[in-house]
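Asker: Predicted structure and sequence below. I'll ask about it afterward.
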Amino acid sequence: MVSASAEPSPATNTPTPPPPSRPRLSVLPLIALIFYDVSGGPFGVEDSVSAGGGPLLSLLGFLLLPLLWSLPEALITAELASAFPTNGGYVVWISAAFGPFWAFQEGFWKWTSGTLDNALYPVLFLDYISHSLSFFSRFSSLCFITSVLTYLNYRGLHLVGISAVVLTVFSLSPFVAMALLSVPKIRPGRWIKFDKKKLDLRAFFNSMFWNLNYWDKASTLAGEVDDPTRTFPKAIFGSIFLVVLAYLIPLLAGTGALDESQTDKWTDGYFSTVGLIIGGKWLQIWIQAAAAMSNMGLFEAEMSCDSFQLLGMSELGMIPSIFSKRSKYGTPTYSILLSATGIIILSFMSFQQIIEFLNFLYALGMLLEFLAFIKLRFKNPDLERPYEIPLGKIGAVLICIPPSILLILVMCLASRTTFLVSGIVVFLGFVLYFILGKLKEKKWVDFVDTTLEKDGIGEEVSVRLLLDGKKEELDEGIEIDKVA
């Protein structure tokens, strides 16, 4: 039950809509944004070959894990994003199921994980350009790249969507050429090579998990999508098909055409060498350029989702109202700036540290999302779901079991440092919630007004009011059924 309090709670007022003159995202740009949230191309999957002791586990992983992990997450995202088509995405889902405290924790974990993830891309971009930059040159370049890409986000989500479509075509095109050129050199027997002595289970699962997560990320900007209840499910299914092909085709071409004794050389960036061997210098340069551009697309998609998540949390009254303020382009200015600041600070961590930390925090958030999905199926079976997974209540539980097992496995394989750092982040989330609640109570900082004037209004009802824009019904004293 919700009562008038100073604690952050789901908003009952209509969130400020984006300027009506700004175009909204259609299916194709949304597919491209989801593609970059999850993948961005085969760049970074090379480690799965060396860590997996050869091509076999890598190929099996990208065949089976999309079914066991990606498909359930994508289906749940499609259902809940269509049921709650507003900015904030999974924060709104958790709020409807478990209330504001856990919704805030979900938002904090996911924003931290997303910012860690986004800190990788300017660094990887510089790595493709040069490995020999001085500290000052590298820091200056990092700030410059982050500033330029941040400005593109500021100028409008529709520009990000259009650029994501162009970058998707450019990033994948060299691998189409590589696949065609590799056909005469492919030996299918190379695909089943496996050396148990070279297997690094922790690195393998972290690589696979990182390359197949974040299907839920684009839900945070559902309020910017044209007809989200129909567009989101279409975009989710289209992006699944695109991501799986973007991984399997280059891996089949590269591992099938090259000598299996080269397994140890399959590390980050090795596809450029594969291009050199299969096609020559021109293909190597093309792949390097595609990799650099792909990192730009990954950055743009991640920042868009992170900043609109903060906007959604601000509209729910969880964080100060300054983060819900939009620019003349309809973008959340201060949310973008906060995300950019976090990216610059975190970009000095090592690649492997970032991967482990973000995976652990992401796994925590996903487990909470699965629980929210199940609870809403049981608690609110009549909730309007324009797209609904064609499974009953028991089926809803069963579909969450395989990905939950994988999430727990990834968390169990984490290092002690990752457990320690993640524990600190979780503790900070608890503390920050109560600090923000006190700031709101004392009115020392401006928050979106979310005070409910009637006792007995459940969390799910208050979230539906946020979606439907019915605050005036509360003000007029219209009776609302209680939600247990």
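Answerer: Thanks, I have it.

Asker: low-confidence ranges in the protein?
Answerer: 1-22, 127-135, 349-353, 450-484 (pLDDT under 70).

Asker: hey, which helix is longest across it?
Answerer: In the chain, with assignment by DSSP state H, the single longest helix is helix 281-315.

Asker: That one: which residues count as buried?
Answerer: 283-284, 286-288, 290-315 (16 or more other CB atoms under 10 Å). Yep, even glycine has a C-beta here, placed from its N, CA and C like the rest.

Asker: How about stretch 175-192?
Answerer: By 16+ other CB under 10 Å, the buried positions in stretch 175-192 come out as Phe175, Ala177, Met178, Ala179, Leu181, Ser182, Ile186, Arg190, Trp191.

Asker: and if you look at stretch 226-236?
Answerer: Along stretch 226-236, these residues count as buried under the neighbour rule (16+ other CB under 10 Å): Pro228, Thr229, Thr231, Phe232, Pro233, Lys234, Ala235, Ile236.

Asker: elements contacting the helix or strand hosting Phe427?
Answerer: Assessed by DSSP states H and E, Phe427 sits inside helix 416-442. Counting contacts by 3 or more CB pairs under 8 Å, 6 or more residues apart in numbering; DSSP states H and E, helix 416-442 packs against helix 100-129, helix 351-379.

Asker: Give me the angle between the shortest one and helix 416-442.
Answerer: Pointing back at helix 351-379 there. 60 degrees (axes from the mean of the first three to the mean of the last three CA atoms, to 10 degrees).

Asker: now the angle from the helix or strand just after helix 351-379 to helix 416-442?
Answerer: Helices and strands here follow DSSP H and E; after helix 351-379, the next one along the chain is helix 393-412. Angle between the axes of helix 393-412 and helix 416-442 is 120 degrees (criterion: the same axes, to 10 degrees).

Asker: what sits opposite the residue nearest to Phe308 when sequence neighbours are not counted in the beta ladder?
Answerer: Sequence neighbours aside, Leu221 is the residue nearest to Phe308 in space, at 4.0 Å (criterion: CB to CB, 6 or more residues apart in numbering). Assessed by DSSP bridges, Leu221 has beta-bridge partners Asn87.

Asker: if we can go back for a sec, ok and the helix holding Phe427 relative to helix 100-129, angle-wise?
Answerer: 130 degrees.

Asker: And helix 416-442, what's buried?
Answerer: Thr418, Val421, Ser422, Val425, Val426, Gly429, Tyr433, Leu436, Gly437, Leu439, Lys440.

Asker: The fourth one and Ser113 touch, don't they?
Answerer: No. Val425 is beyond contact range of Ser113, at 9.0 Å (criterion: CB atoms under 8 Å).

Asker: List the residues that are in contact with both of those two.
Answerer: Leu361 (CB atoms under 8 Å, 6 or more residues apart in numbering).

Asker: that older thread, show me how far the longest helix of the chain is from its chain's centre.
Answerer: 11 Å (CA atoms, centre = their mean, to the nearest Å).

Asker: now swap in stretch 309-327 and tell me
Answerer: 19 Å.

Asker: Check stretch 50-57 too.
Answerer: In terms of CA atoms, centre = their mean, the centre of stretch 50-57 is set 26 Å apart from its chain centre.

Asker: Need the contact partners of it.
Answerer: 48-49, 58, 61, 190-200, 203-204, 207, 251, 255-256, 260, 263-267.

Asker: can we see that at 6 Å?
Answerer: Contacts to stretch 50-57, defined as CB atoms under 6 Å, 6 or more residues apart in numbering, come from residues 49, 58, 191-195, 198-200, 203-204, 207, 255, 263-264, 266-267.

Asker: same deal with stretch 337-350?
Answerer: Under the contact criterion CB under 6 Å, 6+ apart, stretch 337-350 has outside partners Thr115, Leu116, Asn118, Ala119, Val123, Leu142, Thr146, Thr150, Met303, Asp306, Ser307.

Asker: For those residues, work out which two are farthest apart.
Answerer: Val123 and Ser307 (20.1 Å; CB to CB).

Asker: Which strand or helix spans Pro72?
Answerer: According to DSSP H and E, Pro72 maps onto helix 71-83.

Asker: Quick one: residues contacting Asp264.
Answerer: Ser50.

Asker: ugh, typo on my part, it should be Thr418
Answerer: Applying CB under 6 Å, 6+ apart, the residues near Thr418 are Glu356, Phe357, Phe360.

Asker: Could you identify the buried members of the residues you listed?
Answerer: Judged by 16+ other CB under 10 Å, buried ones among these: Glu356, Phe357, Phe360.

Asker: Give me the nearest residue to the last one, chain neighbours excluded.
Answerer: Take Phe360 and drop its neighbours on the chain: the residue closest to it by CB to CB, 6+ apart is Ser422, 4.6 Å away.

Asker: ok, now how distant is the one you found from Leu358?
Answerer: Counting by CB to CB, to the nearest Å, the gap between Ser422 and Leu358 amounts to 10 Å.

Asker: ditto for Ile31
Answerer: Taking CB to CB, one finds Ile31 at 23 Å from Leu358.

Asker: try Asn380
Answerer: 31 Å.

Asker: if you count what's nearby, which of the two comes out ahead?
Answerer: Ranked by neighbour count (other CB atoms under 10 Å), Asn380 and Leu358 place Leu358 first, with 28 against 19.

Asker: What sits closest to the more buried one if chain neighbours are left out?
Answerer: Leu116 (4.0 Å).

Asker: State the number of residues packed around that neighbour.
Answerer: The burial count for Leu116: 24, using other CB under 10 Å.

Asker: tell me which strands and helices the helix or strand containing Leu245 is in contact with?
Answerer: Element membership for Leu245, per DSSP H and E: helix 228-257. Using 3 or more CB pairs under 6 Å, 6 or more residues apart in numbering; DSSP states H and E, the elements in contact with helix 228-257 are helix 27-38, helix 55-65, helix 71-83, helix 157-182.

Asker: can I get those in JSON lines with distance to Ala372?
Answerer: JSON lines is the format used below for those (distance: least, CB to CB, whole Å):
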{"stretch": "helix 27-38", "distance to Ala372": "20"}
{"stretch": "helix 55-65", "distance to Ala372": "23"}
{"stretch": "helix 71-83", "distance to Ala372": "8"}
{"stretch": "helix 157-182", "distance to Ala372": "26"}
